[in-house]
Structure formats: C-alpha cells, structure tokens
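K.L.:
Kindly return the folded structure for what I paste below:
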Amino acid sequence: MTDPNERGGTAESDAANPDDDAADAAAVTDRDRELVDRTIGLAEEAVERGNTPFGALLVVDGEVVAEARNETRSEDDIAAHPELALARRAARELDADERARCTMYASTEPCPMCATGIHYAGLDRVVFGVAGETLDDLTGDVVTIPCEEVICRAGGETVVEGPVATEAAMALHESFYGDGNGNGSAGES
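P.N.:
Next comes the predicted model:
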C-alpha cells in the first residue's frame, strides 16, 4: 500500500486535469476502468430513484458478484451508502478467501464510514472514480479523509487505487449538485 500522503495528486490537480488521474499506474487495467464506468451508471440509476449519485460493485475473480446504488433518501437511512452495503454483504456472504480476492469498484472514493466497513470486511482492493476531495470542491460538505488513510491508520492491507474516472464521475455530480436540484449534501451519499 502506498503512503496516504502520496496520492498521486491533489483535488486541485485532479480538477485541473481530469484526464490525468492519479491511478494511471500499471496496476489499474482497462477492465478496472470499465467497471468504474459501470459504477457511474449505477450512480445515475440512484439519481433516477431519487437518491444521491453513488454506485458500487463487488468483483471476485473478475466476476461481478454484487452491485449497489445509493439509497440514503429512499430508505431514509444516512448509512445506506452502496460501499457500506457491499462491505457488509461481503462480510456476510463471502468466505475469507473470497474477500481476499475481492475488489470493490466505486463511482466516488469511499467515505471514512465506508472505508472502515471495507477494512473490517477484509476486502483486497478498492478502485474508485473520483476523489472525495474533488467532490468536496463542488459541494463543500465531504469528509475528506482519504479511504487509503482510513485503512492504513486501521492497520489494514486493502489496496486503494484512484481516481481513475474523474471527468465522468464529476460530470454526474455536477449535473446533480451543480444545478441546485440536488437538494442535499454529498455527505449524505
């Protein structure tokens, strides 16, 4: 795992050049980017269902085993984040060996609550579309403790890679929060 202070860029640099994502390292594959794009599609579906724009997938051995959309508004549950829902599901339904081979893909960097769930579930890897700090530049209400830092401080070994799709993920966030129709905070993700 890399040092949380070496995220490969700041929110400011991510916003300035969205195509120069921090996770352009060799470890991030075209398949990873394809799956992050799918989570952005799930985030769009969340909006269509009256929720905020966040989506996530669980993948074991290259196969999608679960997906989730944000449900904080429709379920009236501040903890109904897709990343936390999937971390809980992984802990319940996957054995330790499967969790050790599991990657979570998320449209947006998991918040500290979700990162803690990911750590406790023992997932191997997280790949996300846009950094929380970049979203915070738009909304001003994101808890900007990086996912990687939460996991590192907890003594975890989960590899965190991202952002890998800043432009696409932020286009959705900007259409939701930027036009005044979001009527809420990104913090309720």
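K.L.:
Nearest residue to residue 156 in space, ignoring adjacent ones along the chain?
P.N.:
residue 119 (4.2 Å; Cβ to Cβ, 6 or more residues apart in numbering). From N, CA and C alone the C-beta is placed, and that goes for glycine too.
K.L.:
show me where the protein has helices.
P.N.:
Along the chain, the stretches classed as helices by DSSP state H are 11-16, 30-48, 82-93, 96-100, 112-121, 132-139, 147-153, 166-177.
K.L.:
What's the mean pLDDT across the fifth one?
P.N.:
Computed over helix 112-121, the mean pLDDT rounds to 98.
K.L.:
Contacts for it next, please.
P.N.:
Residues outside helix 112-121 that contact it (Cβ atoms under 8 Å, 6 or more residues apart in numbering): 79, 81, 83-84, 87-88, 90-91, 99, 104, 110, 126, 143, 145, 147, 150-151, 154, 156, 158.
K.L.:
Go again with 6 Å.
P.N.:
Contact partners of helix 112-121, identified using Cβ atoms under 6 Å, 6 or more residues apart in numbering, comprise 81, 83-84, 87, 90-91, 143, 145, 147, 150-151, 154, 156, 158.
K.L.:
again, but for the longest one
P.N.:
Residues from elsewhere that reach helix 30-48, judged by Cβ under 6 Å, 6+ apart: 53-57, 67, 69-70, 105-107, 127, 129, 164-165, 168-169, 172, 176.
K.L.:
For the contacts of helix 112-121, pick the one with the most neighbours.
P.N.:
Counting by other Cβ atoms under 10 Å, residue 83 has the largest number of neighbours within the contacts of helix 112-121, with 33 neighbours.
K.L.:
wait, it sits on residue 55?
P.N.:
No. Using Cβ atoms under 6 Å, residue 83 is not in contact with residue 55; the gap is 9.3 Å.
K.L.:
re the thing from before, and the gap between the residue nearest to residue 156 and residue 140?
P.N.:
Distance check for residue 119 against residue 140: by Cβ to Cβ, to the nearest Å, it reads 27 Å.
K.L.:
again, but for residue 97
P.N.:
Distance of residue 97 to residue 140, given as Cβ to Cβ: 42 Å.
K.L.:
now swap in residue 105 and tell me
P.N.:
26 Å.
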